[in-house]
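Engineer: sequence unknown, structure follows:
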């Protein structure tokens, strides 16, 4: 079974959805950088161990409590970012090449990059008069929102849409598609179901 870690920073509905609905792997660890984030309660309720970490623990592989060491100790095969806002350091990308994915609430390559998250994305998409928005699931590389796209789906933007209504519709799309897209990618990546 593929051992999966999820990184999350906030409410955690996507993380919970993944924990409950992934079929090709099992989430064995949830990592969070924000004390008090609701995702921690969600994971604990679902009996998934949680770890809080600092920026130093994420970025310094030699730190006594480094995230890199923690992931290796837990024998993690694959990493999913589900509402995680910090940049993933090069050490993790090198250790898990093509094995870290992120979801972004817009159609990349547009409306991605540093600072483009949450309602900022939806506000900018609407202000620019786009006719469509959607979700993008991509491999994490050394640039924000840049890696190879493994899944993308669009929805129509209506003249009545606000950043809030667009965010809600995109969030529903995330819940519908994220676990299946990750499962499909895992099946390609780990051809042997026993992995």
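Structural biologist: Received, thanks. Here the structure is a predicted model, which means the values were calculated and not measured.
Engineer: Show me what the host helix or strand of residue 135 is in contact with.
Structural biologist: According to DSSP states H and E, residue 135 maps onto strand 132-139. With contact meaning CB atoms under 8 Å, 6 or more residues apart in numbering, strand 132-139 is reached by 98, 100-108, 111-112, 122, 125, 145-157, 166, 170, 173-174, 177-178, 181-182, 185. Every C-beta, even on glycine, is put in place using the N, C-alpha and C of the backbone.
Engineer: That strand: how far from the chain's middle?
Structural biologist: Distance of strand 132-139 from the chain centroid (CA atoms, centre = their mean, to the nearest Å) equals 12 Å.
Engineer: That one pairs with which strands, parallel or anti?
Structural biologist: Using DSSP bridges, the strands paired with strand 132-139 are strand 100-104 (antiparallel), strand 149-156 (antiparallel).
Engineer: Only the buried residues of the last one, if you could.
Structural biologist: Within strand 149-156, the residues that qualify as buried by neighbour count (16 or more other CB atoms under 10 Å) are 150, 151, 152, 153, 155.
Engineer: can you put the residues you listed in a markdown table and add pLDDT and distance to residue 74?
Structural biologist: Formatted as a markdown table, these follow (pLDDT from 0 to 100; distance: CB to CB, whole Å):
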| residue | pLDDT | distance to residue 74 |
| --- | --- | --- |
| 150 | 97 | 24 |
| 151 | 98 | 26 |
| 152 | 98 | 30 |
| 153 | 98 | 31 |
| 155 | 98 | 36 |
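Engineer: show me where the chain has strands.
Structural biologist: Taking DSSP state E as the test, the strands found in the chain are 2-8, 25-32, 50-52, 78-81, 100-104, 132-139, 149-156.
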